[in-house]
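Asker: Attaching a predicted model along with its sequence, questions to come.
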Amino acid sequence: MFENLSERLSGVFDRLTKQGALSDEDVKTALREVRVALLEADVSLPVARDFVKAVQDKATGQAVTKSVTPGQQVVKIVHDALIDTLKGEGEPGHLKIDTPPAPILMVGLQGSGKTTTTAKLAKRLKEREGKKVLMASLDVNRPAAMEQLQILGVQIGVDTLPIVKGEDPVSIAKRAKTQAAMGGYDVYILDTAGRLSIDEELMVQVAAVRDVATPRETLLVVDGLTGQDAVHTAENFDERIGITGVVLTRMDGDGRGGAALSMRAVTGKPIKFVGLGEKMDALETFEPERVAGRILGMGDIVALVEKAQDTIEAEQAERMMKRMAKGQFNMNDLKMQLEQMMKMGGMQGMMGMMPGMGKMAKQVEAAGIDDKVLNRQIALIQSMTKKERANPALLQASRKKRIAKGAGMEVSDLNKLLKMQRQMSDMMKKMGRMGKGGMLKQAMKGMMGGKGAAAGMDPSQIDPAALDAAAKQLGGKMPRLGGMGGGMGLPSGLSGFGKKK
């Protein structure tokens, strides 16, 4: 998300922060580059112009030029301005669900990802808020649209309205309303039909459904890849239907992301969620503070912690905690860490959330290291016997040959994996002597700029408040992050892994 914009801005601010003192002219030159970066990221001209003006008013003058760290001061002003641009009214990701059954209307153009987003939202409401959800497809035009929602419902364990052929959207909406009331559902989500472009027939149909359902929330689903077109779509839908929020999809593949920056400023409507992949759990709350941090390369530690909490079991965490406290770390533990990384979005996904790691992610990609490396390492561990996993010291030459052959790898690859395991084991022993609080702090320092920090990381960008927030959220339970903390030592041990000689 915002990859190109983040790269351009980090280049501008790197030059600023390296200068000891800044003149007003230095700041103006930098802001001209910021404006170009915003326009290249597909941010609308009026929004880019207003943004730069707001920053310039605050960034030129005594407050910055006389500051001890003028470069960092400018970065902070830009960060605050980004938050103001992205912020909508109300709490991020909050949906107005009061008297059950509460209707949510999903609207948007064809191909924007409405049906998938409907299922993702239903899964989120069911699992995170404990709501009983009913989904209903009102798309009578697109072939197999209703069946698609039904299949997704089975996958995520959410009920869907039985399909009755020949019904019109308004009749389906009425039937969904009745069934939701009779079935004791907290929420029912109506997935409306889309068109390739906005036309009168679509608007009349959606307006009729809206009048029948009187939704608590009307969410517009727009494809983030369409750039400024997404903003025009939002304006049209809001004018004719009245939307309460926006869901931006395909933000994982968007190198520009300007639609997100323009959307709130132009429409006045909050972006409630962003879709970051095809998986059913790839729907994130759009939090302006955290998104602004990602854009400026400050990472998103809270999101990283949340992912860790979502993907590791409490009992597993406790077992890991006890083992780490004793300084124990074998191949079974390493395998669990590698699998944890895959669940949390792989190396690229995690690096995008870590302060100063944008450059590192580029270096990793240029070196040809990707998530296939993690899969190869897991394959090597799976080629070992139970005894060998529990006690890697048993691995002598003949065993190494057998394991490498079983995984279709080279012995040199296995040696790199064993070296990584020894390094991580040593780290666990040190952390084990520190107690829970020290373990957490040490793991986070290791991730974000202590000794052995990743190449290209700028420790000055680390926000101590973000570390404290993450630590508080974890409640001192290191294992929640343990699936991640150890894994963060991986890049140094991955170079050249699994490459053919």
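Answerer: Perfect, thanks for sending it.

Asker: Could you list the low-pLDDT ranges of the stretch 401-501 of the chain?
Answerer: Low-confidence segments of the stretch 401-501 of the chain (pLDDT under 70): 431-501.

Asker: What does the pLDDT read for the residue lying closest to P101 once chain neighbours are set aside?
Answerer: Leaving aside its chain neighbours, P101 sits nearest to A180 (3.6 Å; criterion: CB to CB, 6 or more residues apart in numbering). Where you see a C-beta, it was placed from the backbone N, CA and C, and this is true even at glycine. Looking at A180, its pLDDT is 93.

Asker: so how many other residues sit close to A180?
Answerer: 24 (other CB atoms under 10 Å).

Asker: Distance check, it against G245.
Answerer: 21 Å (CB to CB, to the nearest Å).

Asker: One more: M182?
Answerer: For M182, the distance to G245 equals 28 Å [CB to CB].

Asker: the more surrounded of the two?
Answerer: Neighbours per residue, other CB under 10 Å: of M182 and G245, the larger number sits with G245, 22 against 9.

Asker: Remind me what whichever strand or helix holds K372 packs against, helices and strands.
Answerer: When elements are defined using DSSP states H and E, K372 is found to belong to helix 371-382. Packing contacts for helix 371-382, counted by 3 or more CB pairs under 8 Å, 6 or more residues apart in numbering; DSSP states H and E, involve helix 331-343, helix 346-351, helix 397-407, helix 411-432.

Asker: And the strands in the stretch 251-400 of the chain, which stretches?
Answerer: In the stretch 251-400 of the chain, the strands defined using DSSP state E, counting those that start in this stretch lie at 271-275, 283-285.

Asker: Go through these and pick out the most buried.
Answerer: Among those, strand 271-275 has the highest mean neighbour count (mean count of other CB atoms under 10 Å), at a mean of 25.

Asker: Mind listing residues that contact that one?
Answerer: 1, 86, 88, 92-95, 113, 116-117, 120-121, 219, 224, 245-252, 260, 263-264, 282-286 (CB atoms under 8 Å, 6 or more residues apart in numbering).

Asker: Just the buried ones from the residues you listed?
Answerer: Taking 16 or more other CB atoms under 10 Å as the criterion, what is buried in the contacts of strand 271-275 is 1, 86, 88, 92-93, 95, 113, 116-117, 120-121, 219, 224, 245-252, 260, 263-264, 282-286.

Asker: Then the residue nearest to P101 would be within a helix, right?
Answerer: Yes: according to DSSP: H, G, I helix; E, B strand; the rest coil, A180 belongs to a helix.

Asker: quick one: contacts for it?
Answerer: By CB under 8 Å, 6+ apart, the neighbours of A180 are P100, P101, P103, L134, V187, Y188.

Asker: Sort out which residues of the helix or strand containing F51 are buried, please.
Answerer: In this structure, F51 sits in helix 45-59 according to DSSP H and E. Across helix 45-59, burial judged by 16+ other CB under 10 Å covers V47, A48, F51, V52, A54, V55, Q56, K58, A59.

Asker: so can I have TSV of those showing pLDDT and distance to V206?
Answerer: Converted to TSV, those look like this (pLDDT from 0 to 100; distance: CB to CB, whole Å):
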residue	pLDDT	distance to V206
V47	83	27
A48	85	32
F51	84	32
V52	86	37
A54	83	36
V55	82	39
Q56	81	42
K58	77	42
A59	73	44
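
Asker: what's the closest of those to R290?
Answerer: When the buried residues of helix 45-59 are compared for distance to R290 (CB to CB), F51 wins out at 18.6 Å.

Asker: And the closest one, how far from A260?
Answerer: According to CB to CB, F51 and A260 sit 13 Å apart.

Asker: For L220, which three-state class applies?
Answerer: Strictly by three-state DSSP, L220 counts as strand.

Asker: Tally up the residues packed near the residue lying closest to it once chain neighbours are set aside, please.
Answerer: Counting by CB to CB, 6+ apart, I243 is the residue found nearest to L220 once chain neighbours are left out, at 4.5 Å. By the criterion of other CB under 10 Å, I243 has 20 neighbours.

Asker: And I243, what's its pLDDT?
Answerer: 88.

Asker: now M344
Answerer: Reported pLDDT at M344 in the predicted model: 65.

Asker: what does V154 give?
Answerer: The model's pLDDT for V154 equals 93.

Asker: In three-state terms, label it for me.
Answerer: Look at V154: counting by three-state DSSP, its state is helix.

Asker: Quick one: residues contacting it.
Answerer: Counted by CB under 8 Å, 6+ apart, V154 has zero contacts.

Asker: I381 contacts M336, doesn't it?
Answerer: No: applying CB atoms under 8 Å, one finds I381 not in contact with M336, separated by 9.9 Å.

Asker: all helices for the stretch 1-150 of the chain, in order.
Answerer: For the stretch 1-150 of the chain, the helices defined by DSSP state H, counting those that start in this stretch cover 3-18, 24-40, 45-59, 62-65, 70-86, 114-129, 145-156.

Asker: so who does the residue nearest to V291 when sequence neighbours are not counted touch?
Answerer: In this structure, V291 finds its nearest non-sequential neighbour in L86, 5.9 Å apart by CB to CB, 6+ apart. Each residue near L86 by CB under 8 Å, 6+ apart is listed here: A260, L261, R264, I271, F286, P288, V291, A292.

Asker: my guess is the first one meets M251, correct?
Answerer: So that's A260. Yes: contact criterion CB under 8 Å: A260 and M251 qualify, at 7.2 Å.
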